[in-house]
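Chemist: Kindly generate the corresponding structure for this input.
(chains A and B)
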Protein chains: 2
Amino acid sequence: MAANATSHSSRNKKIHFAVIGGGVIGGGWAARFLLMGYDVSVFDTAPDAERKINEVLKNARRSLPGLYEHVLPKEGQLVFCPSIAEAVRNAGWISESIPERLDIKHLAYTEIQSHCPENAIIASSTSGFKPSELQRHASNPKQIIVAHPFNPVYLLPLVELVGDAQTTEHAANILSDLGMYPLRVRKEIDAHLADRLLEAVWREGLWLINDGVATTREIDDAIRYGFGLRWAQMGMFETYRIAGGEAGMAHFIQQFGPALKWPWTKLMDVPELTDELVDKIASQSDQQSGQYSIRALERIRDDNLVGMMRALKVKDWGAGNLLNQVDQTLSVEADTFTAPPALGDSVCTTRRVVPSSWVDYNGHMNDSHYGEVFSKASDELLAGMGADQDYVSQGYSYFTVDLQISYLAECLAGDALAVFTSIMLAEGKKLKLAHEMKNAEGELCATCSQFLLHVDLNTRKSCPPRPPIAAALARLQ
Amino acid sequence: MAANATSHSSRNKKIHFAVIGGGVIGGGWAARFLLMGYDVSVFDTAPDAERKINEVLKNARRSLPGLYEHVLPKEGQLVFCPSIAEAVRNAGWISESIPERLDIKHLAYTEIQSHCPENAIIASSTSGFKPSELQRHASNPKQIIVAHPFNPVYLLPLVELVGDAQTTEHAANILSDLGMYPLRVRKEIDAHLADRLLEAVWREGLWLINDGVATTREIDDAIRYGFGLRWAQMGMFETYRIAGGEAGMAHFIQQFGPALKWPWTKLMDVPELTDELVDKIASQSDQQSGQYSIRALERIRDDNLVGMMRALKVKDWGAGNLLNQVDQTLSVEADTFTAPPALGDSVCTTRRVVPSSWVDYNGHMNDSHYGEVFSKASDELLAGMGADQDYVSQGYSYFTVDLQISYLAECLAGDALAVFTSIMLAEGKKLKLAHEMKNAEGELCATCSQFLLHVDLNTRKSCPPRPPIAAALARLQ
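Modeler: Numbering: from 1, shown residues only, chains lettered A, B, ... in the order given. Below you'll find the predicted structure:
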């Protein structure tokens, strides 16, 4: 069963972590433990193991801490050991992350178990083998479990735990302490849960390519512009629960079920949709999501999608790249300024709607997003004067130096906002803007006074504007 | 092939859109067209069709506009028609979104084609049927294509297009104009592309439930805490390209391939991994992602994951809920204040790291996120004084009224920041804070002066603080 990730209590008495096999997965484990404050010993026979782990660690350092609003514990110490014996001697958790060969794994366990503490967890990262296979010939079988993580291990929360109940419970507590999501699998099966699902898609993808129906890119696009976005936040059954609408999950299965019998794939061994199976799924779905109405789930799903797609927009990637393309068109067609205003005159720089993902616990647009709206308004004005993406790629831009916002009215999700901007001062590298933010009723929601400096992006120092901007500024006076 | 979504040029001459069958999918189409400024006619025999479409429209209005930094075109007009003939008379795009029965669809096409313009696109939302099946008996077969969208249609970009080359090209242009992602499928097959993949997972999921290995919730968790997050931004092949590391995609397939032969699933018809198939996949993958090094792809993936997980954090959902739980622990353990400071004294309210998802086109933390950091610092201080989540749920909170930020130094992704906060004034409902943001070197990055008012969340008006806060404020004086 899915462990509750609430018990972070053990953080004070930190176990020692050992990793046998420092590849992408072992390195990811090491990085996650180190950054959460645990000491880590690594054993790997590869001559470049140290370089590889340090590369993973570099990636982890630039991404994991940014997930939190608080600083992580002091980083643990990393030691490379010349033998398994030395690496595991004081370990509370030993990660076996070596290649997927059972005979090699058995050899490793023999060596590990002759030197490690009796109560240490020996956790295999295997994506395929069952605990009973791993434990064969072991002196202390219950100590060996499956703890299957997902790449990148330092970011993705999921770990599938399979094996002895007591050992996996202990493991689940440690994983929760690492900020991970331990999923205790009820029965051991080949490939556990997630890789079953992944294998099914992989096999189907291979057929599509083999038969010339699609390319790797097209299959990826079919995922990331569609159901991939749904699955990042709700998975499959909760998504289908919504699709079933008010008629419910059992109705959805009855409706969707027959498709399973159609010749849709080359793989045809389909479970019989007995009443019993339908009931089982429907009642599990009630347990999972029954506390939300379908309408509530729809709103949650939509808000999540908006937030995630907006996150991809910042990186101009996938579904976010598509949004940026539309924004360019909207910008051209918007009822906003066509030329920079004369000094002191006001123009509409931005018309936009408050995203549902901007609403905070007070039920209104969070104060920090007022700044975001004004920041975008300035971007529009600057682009209109010639300080656009081309200009930035030439190495010049404007940095904000001072900002003052007065909050006059609340803004709610879906509110239409317009920003009116005046250039108050434009002298050499100095630029001072005044913004007014109004809602659809014309009510003043906020004002902003913003002081910017023109900068050289190479020296990161202020400098006079380059010709196109200098000329635009001259025309203002 | 995947259409390039760059041609938004046709927005000025908007076609008329008709939808036959106004359920979740037809309603989603109608909402997307309406919100992008197209007029829409609906025909549906159900007595509550109007109510249902208006519900979908309500969801769409609260979510779609927030995806963009600009306002959408003026919403189109929605008309409900008493007959197919009337609905399709002037239509440029006719969406057939009726139940998945071929005989009913054929009847609908006959009626549509007797009344619609000759050059209109008749686009079926079918998730299973091939164009050749749909076109059987049609007077103008090429006019009928598959345009398969994904729920929620008003948010998810993907549309699979299958059918006549000229008609699907025309359709792709219109879909791009709607901000959608047209994927032109090379060959017609049952269930097109995405539903092939979905079916494979659905089938595997049914087995897992049937065999008592997992529940619906556990399967969903196995997806959304793991590969679902990967697939929302890169799909499957690009993800595995990274997993292959510097050794490349062909190496990954050779390594991962043997698993396909193992007894991992009950569905065993596996394509032969010939050299030819391996080369095909490897070279398609080069075409798709060869412009990025594996290291670059890793960073892109990590930044996307950070951004998406942080977006889920705002909604306290899935992987984001997990992050919030860890944050609570980190907050307790952080080296920050334990009691509110005396008036004018400074305490450390926040220690955090700049997320990679906060970096803008200037290569540094965007100015709007300075406000976010200060906003969180105030939240910490307020919570420390008793204005925590419980207090907010009782209907009281503080709203920011005025904010002034001076930007003194750039902050880069991964920079450790600390905020030191002083209470400058605490009189009745008035609270004035002064923040200083410093980096790990102790350099002052920004200062902030923030004026807040205590409010009643029901009346949305300012009011005196309630006992716990009032007492805390009294102790300050």
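Chemist: Hmm, A:Ala147 is touching A:Val159, no?
Modeler: Yes: at 5.4 Å, A:Ala147 counts as touching A:Val159 under the criterion of C-beta atoms under 8 Å. Glycine gets a C-beta too; all of them are placed from N, C-alpha and C.
Chemist: which residues are in contact with both of the two?
Modeler: A:Leu175 (C-beta atoms under 8 Å, 6 or more residues apart in numbering or on different chains).
Chemist: Which segments of chain A make up each domain?
Modeler: A:9-191, A:193-229, A:232-291, A:298-328, A:334-476 (automatic domain parsing).
Chemist: could the ones you listed be laid out in a markdown table, adding mean neighbour count?
Modeler: Output for the domains of chain A, formatted as a markdown table (neighbours: other C-beta atoms under 10 Å in any protein chain shown):
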| stretch | mean neighbour count |
| --- | --- |
| domain A:9-191 | 20 |
| domain A:193-229 | 24 |
| domain A:232-291 | 18 |
| domain A:298-328 | 22 |
| domain A:334-476 | 18 |
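Chemist: Now tabulate these in CSV and tack on mean pLDDT.
Modeler: As requested, the domains of chain A are arranged in CSV below (pLDDT from 0 to 100):
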stretch, mean pLDDT
domain A:9-191, 93
domain A:193-229, 89
domain A:232-291, 70
domain A:298-328, 86
domain A:334-476, 91
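Chemist: Nearest to B:Arg184, out of those domains?
Modeler: Closest to B:Arg184 of those, according to C-beta to C-beta: domain A:193-229, at 8.7 Å.
Chemist: Quick one: end-to-end length of stretch A:461-472, please.
Modeler: Stretch A:461-472 has an end-to-end distance of 22 Å (C-alpha to C-alpha, to the nearest Å).
Chemist: Residues touching it, excluding its own?
Modeler: Counting by C-beta under 8 Å, 6+ apart, A:340, A:385-387, A:391, A:394, A:396, A:399, A:428-429, A:453-456, A:473 sit against stretch A:461-472.
Chemist: now that stretch, how far from the centre of its chain.
Modeler: Averaging C-alpha positions (C-alpha atoms, centre = their mean, to the nearest Å) puts stretch A:461-472 38 Å from its chain's average.
Chemist: just checking, A:Phe129 touches A:Lys105?
Modeler: Yes: at 7.4 Å, A:Phe129 and A:Lys105 qualify as touching, with contact defined as C-beta under 8 Å.
Chemist: before we move on, back to that, okay, the domains of chain A in TSV with distance to B:Thr350 next?
Modeler: Below are those laid out as TSV (distance: least, C-beta to C-beta, whole Å):
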stretch	distance to B:Thr350
domain A:9-191	7
domain A:193-229	31
domain A:232-291	27
domain A:298-328	22
domain A:334-476	13
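Chemist: OK, contacts around whichever residue of the stretch 351-477 of chain A sits closest to chain B?
Modeler: The nearest approach of the stretch 351-477 of chain A to chain B comes at A:Pro355, 2.9 Å away (C-beta to the nearest C-beta). Residues in contact with A:Pro355, defined by C-beta under 8 Å, 6+ apart, are A:Val306, A:Gly307, A:Arg310, A:Ala413, B:Gly66, B:Leu67.
Chemist: Next, the fourth one: secondary structure please.
Modeler: So that's A:Ala413. Judged by DSSP: H, G, I helix; E, B strand; the rest coil, the three-state class of A:Ala413 is coil.
Chemist: need the contact list for the closest residue in space to it that isn't next to it in sequence.
Modeler: In space, and not counting its chain neighbours, A:Ala413 is closest to A:Ser356: 4.2 Å by C-beta to C-beta, 6 or more residues apart in numbering or on different chains. By C-beta under 8 Å, 6+ apart, the residues touching A:Ser356 are A:Arg299, A:Asp302, A:Asp303, A:Val306, A:Ala413, A:Gly414, B:Arg62, B:Ser63, B:Gly66.
Chemist: where exactly do the strands run in the stretch 101-250 of chain A?
Modeler: With DSSP state E, counting those that start in this stretch as the criterion, the stretch 101-250 of chain A has strands at A:121-124, A:144-149, A:158-162, A:181-184.
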